[in-house]
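Colleague: Need coordinates for the below:
(chains A and B)
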Amino acid sequence: MRDQSFVRINGLHKSFGQGAVQVFTGLDLEMSRQDRLVVIGPSGGGKSTLLRCIMGLDPIDAGEIRIDGKPYVSAGEGSQKNRIDRAIQRQVGMVFQHYTLFPHLSVIGNLILAPVTSRGEAKAGATQRATALLERFGLADKARSYPAQLSGGQKQRVAIARALMLEPRLMMFDEVTSALDPELVVEVEHMMVELAEQGMPMIVVTHDMWFAKNIATRVAFCAGGVILEQGEPAEFFSNPKLSRTRDFIVNVLRAA
Amino acid sequence: MDYHLNFFFVLRDFDKLLDGLVVTLKLTVLANAMGLSLGFGVALLLGSPVRVVRWTATAFVEFFRCTPALIQIVWFFYCVPILFDVFLDAETMGLLALGLNLTAFNAEAYRAAIQAIPRAHLDASIALGLGWRARILHVVFPQALRMAVPVLITNAIGCFQQSALVALVAVSDLMYQAKTLSTQTYRPIETFTVVALIYLAISFPISQLVTYFERRNIRQMGG
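Modeller: Below is the predicted model:
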């Protein structure tokens, strides 16, 4: 049975510049623990902002985000500050478009930084886990390298591994292959497919329609401040209900 | 001109110059210890979201950057004791003036370096659940230090030269010993030539490090 309320977003409002630019005007979204949700939509439509709100990086104006039925991010009455449950936040992992590896730390150093400093894990134990993780994703020989010595694809795989070190219950990917040369996309995609096969719940913002069609369990079209349309990939791509969704899909597929 | 250079007296009392050099180096090293650590703290205050904190830090930095170091030293030596009724020994007062001066200059170097750290690193730190202490200690400071190192070394050399000013308030540094020696021997040309060479011999190799670190930064800071 699908449990629908692993992540549940209710009435999300978000604007930039004191309301000058409305990004979300009452966005609702739900996903189960079995879901791999791909969010697509026009640029400027708020896909990345959605992930940033779920990560707790951008404050929301109104509404709430629940994980496992527990309040996670809520706008908070009157006051401007959001209430964020830090314990839940630590269970959410996120990977960004531009790697954001720390250039002064080696690959291993990047992987063990958060476990050692924030979770108080012993350095030896964390290093062991990191080594095993790198081995699993074919990066073992890069353990002592520095980010500047890696290719874009390798950097992004290290960034994913770094997020996995915290054993997240939800992984979010924000256009992680968009900055990569085409021949490097595959190796990152491969890693995400492996995670998907192991049952990692994920929210993926991407222009990669292959991933959306073949790996996603659900596709959501984010535009005009809300989720306009969503569904299972086969249905979503072959039979979109709204003309706006259809136009977008046609344009994206033509570009690809 | 029939002046005959004679380095005999200078070299005879070379041990006095060396004693002075030890004091100069001690002042420089301690002032740098102050400047490197406090400077980073002040740089963080310069970027504080609290206006009063930011303004206080800015006032501190601008006071030390916009007044002559000589006046700062004299001020610490003569004015602080009168105004605040504190007087530690001459060497400590000189060190305070030099150290705080360097703190101000280094704070500016750190501030520029901190601003050059991509904002995305802050996002990544939050996504990784790093607390503010871990973020400053393990993400901001190491990167800021690396980027600021060429300027910090330049400032360190400046501080080494500037330390000569403490001779004015009777700290027996290299410059003070030189003044004494030149008066005793009536050989200012020889004395100050030798002393200049000592300053040069120490500053020059360190200044070469600047180029090295600049190249290294260009090589490594992609990521």
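
Colleague: how about the helices in the chain?
Modeller: Picking chain A for this. A:47-55, A:86-89, A:107-118, A:123-136, A:152-164, A:182-197, A:209-214, A:233-238, A:243-255 (DSSP state H).

Colleague: I was thinking of chain B, sorry if that wasn't clear
Modeller: So, for chain B - with DSSP H - the helices run B:8-12, B:14-46, B:51-65, B:69-74, B:80-84, B:90-116, B:120-127, B:132-134, B:141-162, B:174-185, B:188-220.

Colleague: average pLDDT across the first one?
Modeller: Read it as helix B:8-12. Averaged over helix B:8-12, pLDDT sits at 81.

Colleague: now swap in the last one and tell me
Modeller: For helix B:188-220, the mean per-residue pLDDT is 89.

Colleague: name the helices or strands packed onto that helix?
Modeller: helix B:8-12, helix B:14-46, helix B:141-162, helix B:174-185 (3 or more CB pairs under 8 Å, 6 or more residues apart in numbering or on different chains; DSSP states H and E). For the C-beta atoms, the positions are set from N, CA and C on the backbone; glycine is no exception.

Colleague: on that earlier part again, any idea which of the helices of chain A gets closest to B:L44?
Modeller: Closest approach to B:L44 among those (CB to CB): helix A:107-118, 18.1 Å.

Colleague: okay, how far is it across stretch B:86-94, tip to tip?
Modeller: By CA to CA, to the nearest Å, the extent of stretch B:86-94 from end to end equals 13 Å.

Colleague: who's in contact with that stretch?
Modeller: B:23, B:27, B:73, B:76-77, B:80-81, B:96, B:163, B:166, B:169-171 (CB atoms under 8 Å, 6 or more residues apart in numbering or on different chains).

Colleague: same check, this time on stretch B:205-214
Modeller: With CB under 8 Å, 6+ apart as the criterion, stretch B:205-214 contacts B:149-150, B:153-154, B:156-157.

Colleague: do that again at 6 Å, thanks
Modeller: For stretch B:205-214, contacts defined as CB atoms under 6 Å, 6 or more residues apart in numbering or on different chains pick out B:149-150, B:153-154, B:157.

Colleague: Please tell me how far it is from the chain's geometric centre.
Modeller: 16 Å (CA atoms, centre = their mean, to the nearest Å).

Colleague: Now render the helices and strands packed on helix B:188-220 as JSON lines, adding distance to chain A and mean neighbour count.
Modeller: Below are these laid out as JSON lines (distance: least, CB to the nearest CB, whole Å; neighbours: other CB atoms under 10 Å in any protein chain shown):
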{"stretch": "helix B:8-12", "distance to chain A": "47", "mean neighbour count": "14"}
{"stretch": "helix B:14-46", "distance to chain A": "15", "mean neighbour count": "19"}
{"stretch": "helix B:141-162", "distance to chain A": "5", "mean neighbour count": "20"}
{"stretch": "helix B:174-185", "distance to chain A": "37", "mean neighbour count": "19"}
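
Colleague: what's the closest of those to A:K241?
Modeller: Taking the helices and strands packed on helix B:188-220 one by one with CB to CB, helix B:141-162 is closest: 48.8 Å.

Colleague: same for the closest one, what does it pack against?
Modeller: Using 3 or more CB pairs under 6 Å, 6 or more residues apart in numbering or on different chains; DSSP states H and E, the elements in contact with helix B:141-162 are helix B:14-46, helix B:90-116, helix B:188-220.
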